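Undergrad: Kindly return the folded structure for what I paste below:
(2 chains)
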Number of protein chains: 2
Amino acid sequence: MADPDRAERDAAPFLRACRRLPTRHTPVWFMRQAGRSLPEYRAARGSGSISEAIRDPDLAAEITLQPVRRHGVDAAILFSDIVTPLDAVGFGVEVVPGVGPVVAEPVRSAADLDRLRPLEPPVDMPHVTETVARVVAELGDTPLIGFAGAPFTLASYLVEGRPSRTYARTKALMLGDPGLWGRLLERLASIAAASLRAQVGAGATAVQLFDSWAGALSPDDYERHVLPASRSVLEAVADLGVPRIHFGVGTAELLPLMRDAGADVVGVDWRTPLDAARARLGPGTAVQGNLDPASCLAPFDVVAERARDVLRRGGGTGHVFNLGHGVLPETDPGVLTALVDLVHEETGATGR
Amino acid sequence: MADPDRAERDAAPFLRACRRLPTRHTPVWFMRQAGRSLPEYRAARGSGSISEAIRDPDLAAEITLQPVRRHGVDAAILFSDIVTPLDAVGFGVEVVPGVGPVVAEPVRSAADLDRLRPLEPPVDMPHVTETVARVVAELGDTPLIGFAGAPFTLASYLVEGRPSRTYARTKALMLGDPGLWGRLLERLASIAAASLRAQVGAGATAVQLFDSWAGALSPDDYERHVLPASRSVLEAVADLGVPRIHFGVGTAELLPLMRDAGADVVGVDWRTPLDAARARLGPGTAVQGNLDPASCLAPFDVVAERARDVLRRGGGTGHVFNLGHGVLPETDPGVLTALVDLVHEETGATGR
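TA: All right, here's what the predicted structure looks like:
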């Protein structure tokens, strides 16, 4: 706290909201704000692959900053991918456009665990920490969110080999060989923790753990087979003093468990109204969300009505406004800018 | 009640459970029990298309009966598809293996509504009522469940043109042109109602309305833009006196609204524990579900433990045991037979 820059960043509405402190306006950012909805993103990416863009600190920093410049959001989120650390340890995973992460040789047996060696960020992904440092230098007092994929969601890609609707192989391994499953999740937890620590070490001032697909699980399975590994990730960054956001889709029944895993902020998708989420989570946890990304394709008067409803249910203090999942690529970026202005104006800011 | 056959069928555990009456054992059936998990299904289907099989009453009746013979389930469900009535009115929708329903010319404007003329079952799908009649003649006192796709789920296929992860176009239409959306859902409701009435008229003794993808909606959107049309379907069959089951996936937040649409039984997926579902639904509604279909890929001791937990949470009277969604094609049918036996034995039957 002797560091004046740190104190400055701590005053940012986003960080204060994560800590359930009063803010001058409700902070807002968007999952996938740095992405295909922005023409400047498509121009910067050109024909290169996502992995190439992530590995190029100049380009990744530029892409990270684009939505902050255009929309005036209250936080940046690093341009990267949840499978980046797995690729960095040489597991062999590629983000295929229009498909998602694809693994050439999926996890099938204990021998495959050896392919998940511990992550050494300075050696394995120096480009990521370099990107973080460049972004932070440009951002001024806007916080940067670092992130990682949670063990279950990463495991689902490694076991299925590609995005899945049923997670059948993943669950079959989880239930059929809980020992191997547990060791797989431990390794993924250790990789996620190392990645988050490196991002914070380089200047990120908050972290989000994406367990995007945890909502495919019953509460019992989540608690028994997933929560311990997610907890170990969140505990591994507890000493860093940055807010920890924990997010997944379709997690209506899992919210209290996701809180118990060690979250300061629980991200909620649009299926659960924020007032209901708050009632389940109790007063000690902030919430993030939760406008349906698809509603951003509607006329703006509808978007505005929905956004006001989210603000009302979010209840002010301890609410970070966001979508309930990532920005859809076909979203008009003007709608997102107008949403930022609306959230700021409705909650007390006098303009940006 | 003067009809002795009808009285006999009404005594079936499945029908009694739907009416929250005590049963000699908890009844059990499986969504997609007539499907690819069965070698005899694959043999019967051969290389023909799903539509061809549905249009052939001999074949469709055989496929409907297969799981009853093999597993001893407490109910049959007609082998058909939720898009069959849409195809029957000439909309042009094909069930593509490995993909799902695909529509050559999706709904884009009001002009497309004309392509959804009212369904006249005797003319448009005589094969369906013929199949129902043949199945009922074979079934003895095992009830047959007729079914239809709910307006939202059907609309999602018609608007997207194929299965979707985001339902972006569907929601954009729903929010952007609620008048057209409402007329689209009214037409789909009328088609679904006509199809259900025809199935019951031919001998089905229960109906299930599949709103498989309604869980993609927030409660507000569901209540405003979907519930009225689903209610009109369920009300249209109220006078027939057969139990009405209402099912969707990921509906944790929607259960009371799905009940209010006019359901005697609410189907629950595995994400919501049945005791929690019961608490939300109240004592006046039966529940159906909810073993995770993927858990059937685990060793049987794990399956059995999960099934017992479902029975315990289901609470006995007013519970129809089922999976939380359809049988996965890779499921060992022996596991399903063993599950039927387990449910019957644990809940009081002395064997089948």
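
Undergrad: Surely A:Tyr167 and A:Glu160 touch.
TA: Yes. The pair A:Tyr167 / A:Glu160 is scored as a contact, 6.9 Å apart, by Cβ atoms under 8 Å. C-beta: built from backbone N, CA, C; applies to glycine.

Undergrad: does the residue lying closest to A:Gly161 once chain neighbours are set aside count as helix, strand or coil?
TA: What sits nearest to A:Gly161 in space, not counting adjacent residues and going by Cβ to Cβ, 6 or more residues apart in numbering or on different chains, is A:Pro106, at 3.8 Å. What DSSP: H, G, I helix; E, B strand; the rest coil gives for A:Pro106 is coil.

Undergrad: For burial, what's the neighbour tally of A:Leu59?
TA: Neighbour count for A:Leu59, taken as other Cβ atoms under 10 Å in any protein chain shown: 18.

Undergrad: residues contacting it?
TA: By Cβ atoms under 8 Å, 6 or more residues apart in numbering or on different chains, the contact set of A:Leu59 is A:Ala44, A:Arg45, A:Ala53.

Undergrad: Ramachandran angles for it?
TA: Backbone torsions for A:Leu59, taken as degrees, to the nearest 10, come to phi -70, psi -40.

Undergrad: how close does it sit to A:Gly326?
TA: From A:Leu59 over to A:Gly326 the distance is 20 Å, taken as Cβ to Cβ, to the nearest Å.

Undergrad: Isn't A:Val68 up against A:Ala76?
TA: Yes. Contact status for A:Val68 versus A:Ala76: in contact at 5.0 Å, counting by Cβ under 8 Å.

Undergrad: Run through the residues of the stretch 251-352 of chain A sitting next to chain B.
TA: A:252-253, A:270-273, A:276, A:292-295, A:297-299, A:302, A:309, A:328, A:330 (Cβ under 8 Å from any Cβ of the partner chain).

Undergrad: Give the ChimeraX command for selecting the buried subset of those residues.
TA: To isolate the buried members of those in ChimeraX, using 16 or more other Cβ atoms under 10 Å in any protein chain shown:
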select /A:252,253,270,271,272,273,276,292,293,294,295,297,298,302,309,328
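
Undergrad: mind listing which of the residues of the stretch 251-352 of chain A next to chain B are in strands?
TA: Among those, DSSP state E puts none in strands.

Undergrad: Which residue comes closest to A:Ser37 once chain neighbours are left out?
TA: A:Thr331 (4.4 Å).

Undergrad: hang on, I meant A:Asp275
TA: Computed as Cβ to Cβ, 6+ apart, the closest residue to A:Asp275 that is not its neighbour in sequence is A:Arg313, at 4.1 Å.

Undergrad: May I ask you to confirm that the one you found is in contact with A:Pro273?
TA: Yes. Taking Cβ under 8 Å as the definition, A:Arg313 is a contact partner of A:Pro273 at 5.2 Å.

Undergrad: A:Glu346 against A:Leu311, yeah?
TA: Yes. Proximity of A:Glu346 to A:Leu311 meets the contact threshold set by Cβ under 8 Å, at 5.8 Å.

Undergrad: which neighbours do the two share?
TA: Contact with both A:Glu346 and A:Leu311 is made by residues A:Thr26, according to Cβ under 8 Å, 6+ apart.

Undergrad: Looking at these two, which has the bigger crowd around it?
TA: A:Leu311 (20 against 16).

Undergrad: Which positions in the stretch 101-250 of chain A make contact with chain B?
TA: Neighbours of chain B within the stretch 101-250 of chain A, by Cβ under 8 Å from any Cβ: A:166-168, A:171-172, A:175-176, A:215-221, A:250.

Undergrad: Which stretches in chain A count as strands?
TA: For chain A, the strands defined by DSSP E cover A:76-77, A:93-96, A:100-103, A:144-149, A:206-210, A:244-247, A:265-267, A:286-291, A:319-323.

Undergrad: Which strands and helices lie in contact with the shortest one?
TA: Contacts of strand A:76-77 with other secondary structure elements, assessed using 3 or more Cβ pairs under 8 Å, 6 or more residues apart in numbering or on different chains; DSSP states H and E, are made with helix A:57-71, strand A:144-149.
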